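Q: mind folding the following:
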Amino acid sequence: MEKFEKFERLLLERSYGELTEDEKQLVKLFVESETEYESLRKTNQQLSNYFSEKTNLWPSPKVWTAIKSDLAMAKKSASRSYWLSTPMPAYATLTLLLAVGVLCWYGGSNFNSLKEAESQIVTRIDTVYIASKPDTVVRERIVYLKASPSPAIIQVSTNQPLAVPATKGINMKEKEELERLLVSGSR
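A: Down below sits the predicted model:
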């Protein structure tokens, strides 16, 4: 590090022809030739001249008024959002959130109170008449009797099977009527 600082000082103070043999050996560590040393020295002088000159830069009047108006707008918007951008301690934020939560819970619990629900109940009595079919079914059937009376005693032989007359079953319409009768009777 010490050698590099000495090399930089030599660049500022002397040209390559003014260097001693020891200084030339030091310069050879960082640069390969005399032309490279001289170009570095020239570049260093130009940079120092460029940065030593003061250049005054002034914007045009239009740009200057636009910058001023932007700053004025920024101040107005900053004053409007002061409460949103102001830093607040964590305990204050938690306290505020807790207070808002309790108020919302209390307000919500009073909103659905029983007192309001009782006052809103309106009783209304309606009479509904249900028309149902009668439970009694009357069927008229004509029964024909034979003119000669049947004998009181019938002799049945044990050798032959007893012939049972086939009974007539009920049809679907009669079955539906009987089911309706059973259902209407259970009401």
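
Q: can you give me the buried ones in the one helix or strand K3 maps to?
A: Element membership for K3 (DSSP states H and E) is helix 2-13. Applying a neighbour-count criterion of 16 or more other C-beta atoms under 10 Å, one finds F7, L10, L11 buried in helix 2-13. To be clear about C-beta, it is placed using only N, CA and C from the backbone, and glycine gets the same treatment.

Q: tell me the one of these nearest E179?
A: Minimum distance to E179 across these is 120.4 Å, recorded for F7 (C-beta to C-beta).

Q: not counting sequence-adjacent ones, nearest residue to the closest one?
A: Leaving out its chain neighbours, the residue that sits closest to F7 by C-beta to C-beta, 6 or more residues apart in numbering is F30, at 5.2 Å.

Q: quick check: the one you found touching E8?
A: No: F30 is not in contact with E8 according to C-beta atoms under 8 Å; the separation is 9.4 Å.

Q: where do the helices sit along the protein?
A: Assigned by DSSP state H, the chain shows helices spanning 2-13, 21-30, 34-52, 61-80, 82-85, 90-111, 114-120, 172-185.

Q: in the third one, what's buried?
A: Judged by neighbour count using 16+ other C-beta under 10 Å, the buried positions of helix 34-52 are Y37, L40, R41.

Q: flag the shaky bits of the protein, pLDDT-wise.
A: Counting by pLDDT under 70, the chain has low-confidence residues at 78-85, 110-121, 131-135, 137-138, 143-168, 184-187.

Q: go again with 90.
A: 1-34, 44-61, 64, 72-94, 104-187 (pLDDT under 90).

Q: for stretch 86-105, buried residues please.
A: Residues of stretch 86-105 classed as buried by neighbour count (16+ other C-beta under 10 Å): none.

Q: who's in contact with it?
A: By C-beta atoms under 8 Å, 6 or more residues apart in numbering, no surrounding residue is in contact with stretch 86-105.

Q: kindly export that stretch (C-alpha atoms) in PDB.
A: Taking Å, rounded to 0.1, in the frame of the first residue of the first chain, the C-alpha atoms of stretch 86-105 are listed here in PDB:
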ATOM      1  CA  THR A  86     -46.900  10.000  11.700                       C
ATOM      2  CA  PRO A  87     -45.000   7.200  13.600                       C
ATOM      3  CA  MET A  88     -46.900   5.800  16.500                       C
ATOM      4  CA  PRO A  89     -45.500   3.600  19.400                       C
ATOM      5  CA  ALA A  90     -46.600  -0.100  19.300                       C
ATOM      6  CA  TYR A  91     -48.400   0.100  22.700                       C
ATOM      7  CA  ALA A  92     -50.500   3.000  21.400                       C
ATOM      8  CA  THR A  93     -51.400   1.100  18.300                       C
ATOM      9  CA  LEU A  94     -52.400  -2.000  20.300                       C
ATOM     10  CA  THR A  95     -54.400   0.100  22.700                       C
ATOM     11  CA  LEU A  96     -56.300   1.700  19.900                       C
ATOM     12  CA  LEU A  97     -57.000  -1.600  18.200                       C
ATOM     13  CA  LEU A  98     -58.200  -3.100  21.500                       C
ATOM     14  CA  ALA A  99     -60.500  -0.100  22.100                       C
ATOM     15  CA  VAL A 100     -62.000  -0.400  18.600                       C
ATOM     16  CA  GLY A 101     -62.500  -4.100  19.000                       C
ATOM     17  CA  VAL A 102     -64.300  -3.800  22.400                       C
ATOM     18  CA  LEU A 103     -66.500  -1.000  21.000                       C
ATOM     19  CA  CYS A 104     -67.400  -3.100  18.000                       C
ATOM     20  CA  TRP A 105     -68.100  -6.200  20.100                       C
END
